[in-house]
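Student: Any chance you could fold what I've pasted below:
(chains A and B)
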Amino acid sequence: MTKLFIPLDSFAVACGADQIAEEFARLNADRGLSLQILRNGSRGMAWLEPMIEVETPDGRIAYGPIEPGEADALVDAGILSGAGHPKRIGRVEEHPFFRAQTRHTFKRCGVIDPLSLDDYKAHGGLKGLERAIGIGAEAVVAEVTQSGLRGRGGAGFPTGIKWKTVAEAEGARKYIVANADEGDSGTFADRMIMEGDPFCLIEGMAIAGVATGATKGYVYLRSEYPVAIDVMREAIARAHAAGVLGASVLGSSHVFDIEVRVGAGAYVCGEETSLLDSLEGKRGQVRFKPPLPAIQGLFGMPTVINNVISLASTPEILAAGADGYKELGVGRSRGTIPIQLGGNVRHGGLFEAPFGMTLGDIVNDVAGGTASGRPVRAVQVGGPLGAYFPVSLFDTPFDYEAFAAKDGLIGHAGIVVFDDTVDMMAQARFAFEFCAIESCGKCTPCRVGAVRGYETVKKIIDGERPAENLALVEDLCNTMKFGSLCALGGFTPYPVMSAIRHFPEDFHGEPMRVAAE
Amino acid sequence: MVSQARYDEGEVAEIIAEHAGLEGPMLPILHGIQERYGHVPEAAVRQIAAALNLTRAEVYGVVTFYHDFHKEPRGRHVLKVCRAEACQAAGSDAMAGAIERALGVRFGETTEDGQVTLEAVYCLGLCAAAPSAMLDRRIVGRLNEAKIGTLIEEARL
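Tutor: Numbers count the residues shown, from 1 in each chain, chains lettered A, B, ... in the order given. Model (predicted):
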């Protein structure tokens, strides 16, 4: 029996992996190849997807990118015994892109069968939850706090402190909510872990349950992720059947259940309070804070709401101890961060590394520059609300504080690369347009400011009193930044102002009036 | 293919009943109805309001808030093309223009024969395989002119 891995990850599926799997299945039957076809997650080298792997005595040998219609020729060429082929990549672990990483949260992603609990356990799964149950709630909170883990959704709030607040809050019941509404362009880490290692998120949520006394978890998963929805639902059902979830978590006195809830195409529901309102069945409008969700969250009950990657990082922290995690990183940014490389990029995909690499090293060395072969001109870091960085800021280390000091943010760690054909004024206009489309409408600076900003940038594009209108845009950005209720209106000024500040030549060459902040 | 079944009061009642036991059943109910009828009929809004003890205005407010729910029926296929930054960087604007021309509609519109609705979507999480699109529930990455041709052919079937 030869094991053949064909990813079920969206990158691979969007490029024909399901057809490829069917072709191999047919060949298997027709030729009696005695193949065992397994659908794994992605190893994160998206430019090589669909990347198939054959298990051989020399390890798992990868080939890619495979296209539908190639299966016959590949089998004829002897790839099932690891033979040479123009698309042979060799052992993934030896690939420079993979070897340079520190796989912590994503250590199983792409390696195991995502829906096999046995496979999960064989690769270290459930050790964190077992230890959490053994050491008890307070020690779990202390361990997560000690690790230095901060919210990977973008805000960077210490996860342990959030858990402690919920643990100490009084409530008839408590909830753990995984924010899987990964709407930022340029990000796909949540999707990849849910498709490639869903039990890791389940385990992380159960650990949070043990730590806080919560008994019910929700995964709020965006509807744009059909593959992740299917995999996550199936994994939860299997975890339930195996007693990982349910009335007695791993045979303990802890009760914990998880349900997937599908979003409905609203970007703003990635904002935590808006997500909670959406889960409750309302319009996804942002809530005033306080009260914090940790005190009065879902249905008014104490609620941990964490990003998928924050939760999925905790099993390994619990299993291996906080110190190993804390040793990685720089400054107050501890541990690893799954950097996502997208857009016009040669080597796009997911690269997990300790904080602290410079932006230039990431874009030039890891990602290999642009796919078009033209010079990099701008990179947007942190999604549609993140700043555009010019090449002159490529010495910025990947770290929450270092990016904030340069008027940027790392957000959910997505990096979108643009070549020198990009029109930064059009990007500034798009930032406002996106905010106008997705604004929840609750606060005026965001609801009105975005529309007004879009109109005003359009005037600049049309050459209508550019200097005057540019000043107006800056003023508007100032109002939105300090007057908006949440990050949608509050951070839209980042892409706009960074475009104006770093690429003034695109704004009709008008001299810059740098806001005195 | 988007299901465009004719509204049926009893069936809507079943969809509501199926989810009524959940905490916060509104979105699961609306997804169920949208999936079955291709939109959320006005009559269903009344039924949901009655079943969940809400005003029609409250239900209507939820339906109109989310991009996934629609008050009117749309095309038999929905083609969503990503218009967000990562796809823009990979040339999606040109692809989007080609799709509009090939279908003869603009974003947000449905072809005259009711076959295809063209929609913008902001990120399918395929940013390292950009540009990307989704036809009904099927995702497509690394869009190029050949793939667009195949997609449109498929959508017109």
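
Student: if I look at B:V12, how far off is B:H70?
Tutor: 16 Å (Cβ to Cβ, to the nearest Å). (Glycine included, C-beta is placed from N, CA and C.)

Student: Which residue of the two possesses the greater neighbour count?
Tutor: Counted by other Cβ atoms under 10 Å in any protein chain shown, B:V12 and B:H70 do not tie: B:V12 has more neighbours, with 24 against 17.

Student: Nearest residue to A:N307 in space, please, no chain neighbours.
Tutor: A:G153 (3.4 Å; Cβ to Cβ, 6 or more residues apart in numbering or on different chains).

Student: Can you classify that neighbour by secondary structure?
Tutor: coil (DSSP: H, G, I helix; E, B strand; the rest coil).

Student: What's the separation between it and B:R106?
Tutor: Using Cβ to Cβ, we find A:G153 at a distance of 34 Å from B:R106.

Student: Neighbour count: those two, which is higher?
Tutor: A:G153 (25 against 9).

Student: Would you check that that one makes contact with A:H412?
Tutor: Yes. Under the contact definition of Cβ atoms under 8 Å, A:G153 touches A:H412, with a separation of 6.0 Å.

Student: who touches both of those two?
Tutor: Overlap of the contact sets of A:G153 and A:H412 (by Cβ atoms under 8 Å, 6 or more residues apart in numbering or on different chains) consists of A:N307, A:I309.

Student: B:K71 touches B:T64, doesn't it?
Tutor: Yes. In this structure B:K71 lies within contact range of B:T64 using Cβ under 8 Å: 7.2 Å.

Student: List the contacts of B:A96.
Tutor: Counting by Cβ under 8 Å, 6+ apart, B:A96 makes contact with B:V81, B:R83, B:F107, B:A120.

Student: Could you list the low-pLDDT ranges of chain B?
Tutor: Low-confidence segments of chain B (pLDDT under 70): none present.

Student: And the strands in the stretch 351-500 of chain A?
Tutor: Assigned by DSSP state E, counting those that start in this stretch, the strands in the stretch 351-500 of chain A fall at A:376-381, A:388-390, A:414-419.

Student: Give me the neighbour count for B:Y60.
Tutor: B:Y60: 18 neighbours (other Cβ under 10 Å).

Student: Would it be right to say that A:D113 lies in a helix?
Tutor: No. In this structure, A:D113 is coil, not part of a helix, as judged by three-state DSSP.

Student: Grab the nearest non-local neighbour of it.
Tutor: Using Cβ to Cβ, 6+ apart and skipping the chain neighbours, the partner closest in space to A:D113 is A:D119 (4.8 Å).

Student: For my notes, confirm the one you found occurs in a helix.
Tutor: Yes. Under three-state DSSP, A:D119 falls within a helix.

Student: From chain B, how far out is it?
Tutor: Relative to chain B, A:D119 is positioned 24 Å away (Cβ to the nearest Cβ, to the nearest Å).

Student: where along chain B do the strands fall?
Tutor: Assigned by DSSP state E, chain B shows strands spanning B:77-82, B:116-121, B:133-135, B:138-140.

Student: how about CSV for the strands of the stretch 351-500 of chain A, with distance to chain B, mean neighbour count and mean pLDDT added?
Tutor: CSV is the format used below for these (distance: least, Cβ to the nearest Cβ, whole Å; neighbours: other Cβ atoms under 10 Å in any protein chain shown; pLDDT from 0 to 100):
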stretch, distance to chain B, mean neighbour count, mean pLDDT
strand A:376-381, 6, 26, 98
strand A:388-390, 9, 23, 98
strand A:414-419, 5, 29, 98
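
Student: Out of those strands, which is closest to A:R99?
Tutor: Comparing these against A:R99 with Cβ to Cβ, the closest turns out to be strand A:414-419 (20.1 Å).

Student: what does the model give the residue nearest to A:N307 for pLDDT?
Tutor: A:G153 carries a pLDDT value of 93.

Student: residue contacts, it?
Tutor: A:G153 neighbours (Cβ under 8 Å, 6+ apart): A:N179, A:G270, A:E272, A:N306, A:N307, A:I309, A:S310, A:H412.

Student: Give me the domain ranges for chain A.
Tutor: Here the domain assignment for chain A is A:2-99, A:117-326, A:329-419, A:424-506, based on automatic domain parsing.

Student: for chain A, what are the low-confidence residue spans?
Tutor: Residues of chain A that meet the cut-off, pLDDT under 70, sit at A:509-517.

Student: in it, which strand has the most residues?
Tutor: Longest strand in chain A, counting by DSSP E: strand A:336-343.

Student: Name every strand pairing with that strand and say which way it goes.
Tutor: The strands beside strand A:336-343 in its sheet (DSSP bridges) come out as strand A:349-354 (antiparallel), strand A:414-419 (parallel).

Student: how about those strands in JSON lines, adding distance to A:A241?
Tutor: Listed next are the strands paired with strand A:336-343 as JSON lines, based on distance: least, Cβ to Cβ, whole Å:
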{"stretch": "strand A:349-354", "distance to A:A241": "30"}
{"stretch": "strand A:414-419", "distance to A:A241": "35"}
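
Student: Not counting its neighbours along the chain, what's nearest A:E316?
Tutor: In space, and not counting its chain neighbours, A:E316 is closest to A:H104: 5.6 Å by Cβ to Cβ, 6+ apart.

Student: I figured A:T421 hits A:P375, correct?
Tutor: No. Counting by Cβ under 8 Å, A:T421 sits too far from A:P375 to count as a contact (9.9 Å).

Student: What ranges does the stretch 51-200 of chain A have for its strands?
Tutor: A:52-56, A:59-63, A:88-91, A:175-180.
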